[in-house]
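Colleague: compute the structure for the input listed below.
(one chain, ligands or ions: 1)
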Amino acid sequence: MDKVTGELKTDCVPYSQFKEHVGEVVNIKGVIHNIRDMSDFAFVLIRTARDVIQCVYSPEFSDYRMTDDVVEQASAKVSGKVVPSKTRDGSERYELQITGIDILSRPADIVPVVINKKQINAELSVNLDNRPVTLRNPKERAIFKIQEGIQRGFREYLTSQDFTEVHTPKINFAGAEGGTNVFRLDYFGKTVFLAQSPQLYKQTLIPVFERVFEIGPVFRAEHHDTSRHLNEYISMDFEMGFIDSFYDIMEMETGVLKYIMNLLREKYASEVALLGADIPEIDSIPCIRFKDAKEMCVRKLKNITDMHDFEPEEEAYLGKWAKQQYGSDFLFVTHFLTSKRPFYTMEDPEDPEVTLSFDLLFRGIEITSGGQRIHDYNEQVEKMKRLGMNPEEFDTYLMLHKYGAPPHGGLGLGLERLTMHLLGFKNVRSAAMFPRDINRVTP
Ligand code: AMO
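Modeller: The predicted model follows:
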């Protein structure tokens, strides 16, 4: 090759264009997903980036004869004639009548878990131990295509609303969310922390860009093994300046979620169908104050002892209540207690016991926390002192307040939590590509 032009040429045809090539011989490249030998002919399923294409081998179609090299998980270039056919449910599809198979790479061993059935029929721990292989199963793969769609929707919508996409450091000088669930790291002899969230930096960027968002990993040293907590997860954050109140943030989130759900319906229909996902219709999202929600939970549920926060069963109850009362899969809970929200949260001037903050519940589980932040320097320093924090440790964060910050607020939305409930999983690990929990750091 003398020069490269940036135009990648291929002699392969994607499945989405098969319709235009009926009767012609085309090439495809993919992995042999399944071979079903039917004595005088064989089905060879080829897994491509997003499809599984049925190819049929028969000596009648050409002079080509299958060799011992044609094995499952081999990479291949297959040529064949495009013919229309029908799926079991009668819908239209296309298949290839094989005229040649060129093996590009052979596996060294057979896979440790069956991956070419409809789904992985192994326990979750076995599935996760063998992730490099189990992710090849089309249903497992579809989970993460859906996640791609969620992130894409988040990015597209916020970009359309003049947000700037940023990436903030994951090695931090302080924990942003308080508590004990922060990972410490030896940084050339100095103790530093893995980012619990991009909180301090996304706020810092408000006087710069006015509106920012970030999609990236965050780290929480969760000491318990629960079905809803990961030690590393993908946080989708945004922060916006010049808000009139924290309700502006809830409006923006509602817009984001509407856009994401429509995008999934339109552009991820095959994955939605494969997973049987119930994509919620969003018109508006009901809101309830924490105090009122708590009173209702205490009335309806037994043994509620923590009056400052929700137990998982209370969230589940509130989820059902929102569905019954408003037909909504989502519920905003607002005005959480000041004692339970992080140091940067603004208190309600009418009642400092509560904050200008919210959580969003989706089908009975918290997927978002957000709220208005303190923008006044003295107010922030005072609050840090009241909470026993040393403002000097946060001097670079406090430059935001000291040198002028507009009223602002934002939120963090957990990607795996949203995916988990969208797809009806019982365990958040099912919605994590390579989950990290207290017992797992591999693969
Ligand atoms: P918070 O700590 O509530 O708020 O986290 C925001 C969202 O992140 C998800 N999440 C988790 N997902 C999986 N495993 C975990 N261990 C885990 N912890 C949290 C949840 C949760 O709602 N800085 C604030 C956000 C903001 O105010 O902008 C924050 O991080 O979906």
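Colleague: can you pull the pLDDT of the residue located most distally from the centre of the chain?
Modeller: Relative to the centre of the chain, the most outlying C-alpha is that of Asp63, 47.6 Å out, by C-alpha atoms, centre = their mean. As predicted, Asp63 sits at a pLDDT of 96.
Colleague: which of the helices or strands spans it?
Modeller: For Asp63, there is no helix or strand it lies in under DSSP states H and E.
Colleague: roughly how far does it sit from Glu24?
Modeller: Asp63 sits 18 Å away from Glu24, going by C-beta to C-beta, to the nearest Å. Every C-beta, even on glycine, is put in place using the N, C-alpha and C of the backbone.
Colleague: got the contact list for the residue of the chain found nearest the ligand?
Modeller: Closest to the ligand within the chain is Gly414: 2.5 Å, counting by C-beta to the nearest ligand atom. Counting by C-beta atoms under 8 Å, 6 or more residues apart in numbering, Gly414 touches 233-236, 367-368.
Colleague: and those residues, which of them are buried?
Modeller: Among those, those buried by neighbour count (16 or more other C-beta atoms under 10 Å) are 233-236, 367-368.
Colleague: the ligand next: which of those residues are close?
Modeller: When contact is defined as C-beta under 6 Å from any ligand atom, these meet the ligand at 233, 235, 367-368.
Colleague: after the longest helix seen in the chain, which helix or strand is next?
Modeller: Looking across the chain with DSSP state H, the single longest helix is helix 138-160. Following helix 138-160 in sequence order, the next helix or strand is strand 164-165 (DSSP H and E).
Colleague: name every strand pairing with that following strand and say which way it goes.
Modeller: Paired neighbours of strand 164-165 in the sheet (DSSP bridges): strand 211-219 (parallel).
Colleague: so Asp69 sits in a helix?
Modeller: No. Using DSSP: H, G, I helix; E, B strand; the rest coil, the assignment for Asp69 is coil, not a helix.
Colleague: so the residue nearest to it when sequence neighbours are not counted, which of the three states?
Modeller: Spatial nearest neighbour of Asp69, excluding adjacent residues (C-beta to C-beta, 6 or more residues apart in numbering): Ile103 at 4.5 Å. Secondary structure assignment for Ile103 (three-state DSSP): strand.
Colleague: quick one: pLDDT of Ile103?
Modeller: Listed pLDDT for Ile103 reads 98.
Colleague: my guess is it meets Met66, correct?
Modeller: No. Counting by C-beta atoms under 8 Å, Ile103 sits too far from Met66 to count as a contact (10.6 Å).
Colleague: tell me the residues of the stretch 251-400 of the chain that contact the ligand?
Modeller: Contact residues (C-beta under 6 Å from any ligand atom) of the stretch 251-400 of the chain with the ligand: 366-371.
Colleague: at 8 Å instead, please
Modeller: Neighbours of the ligand within the stretch 251-400 of the chain, by C-beta under 8 Å from any ligand atom: 342, 344-345, 357, 359-360, 366-371.
Colleague: rewinding a little: centre of the chain to the longest helix of the chain, how far?
Modeller: 7 Å (C-alpha atoms, centre = their mean, to the nearest Å).
Colleague: mind listing the strands for the stretch 251-400 of the chain?
Modeller: With strands called from DSSP state E, counting those that start in this stretch, the stretch 251-400 of the chain shows them at 287-289, 330-334, 347-348, 351-355, 357-362, 365-372.
Colleague: of those, which stretch is the most buried?
Modeller: Comparing the strands of the stretch 251-400 of the chain by mean neighbour count (mean count of other C-beta atoms under 10 Å), strand 357-362 ranks first with a mean of 25.
Colleague: ok, back up a step: what's the farthest-apart pair in the residues of the stretch 251-400 of the chain next to the ligand?
Modeller: Tyr344 and Ile367 (20.3 Å; C-beta to C-beta).
Colleague: the chain: helices as residue ranges?
Modeller: Using DSSP H, the helices of the chain run over 124-129, 131-134, 138-160, 199-204, 206-209, 247-267, 269-275, 290-300, 312-326, 377-386, 395-402, 415-422.
Colleague: got the CA coordinates for the second one in CSV?
Modeller: Extracted in CSV, the C-alpha atoms of helix 131-134 (Å, rounded to 0.1, in the frame of the first residue of the first chain):
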residue,chain,number,x,y,z
ARG,A,131,-17.3,-13.3,30.8
PRO,A,132,-14.9,-13.2,27.8
VAL,A,133,-16.8,-16.1,26.3
THR,A,134,-20.4,-15.6,27.7
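Colleague: now it: mean pLDDT?
Modeller: Mean predicted lDDT for helix 131-134 stands at 98.
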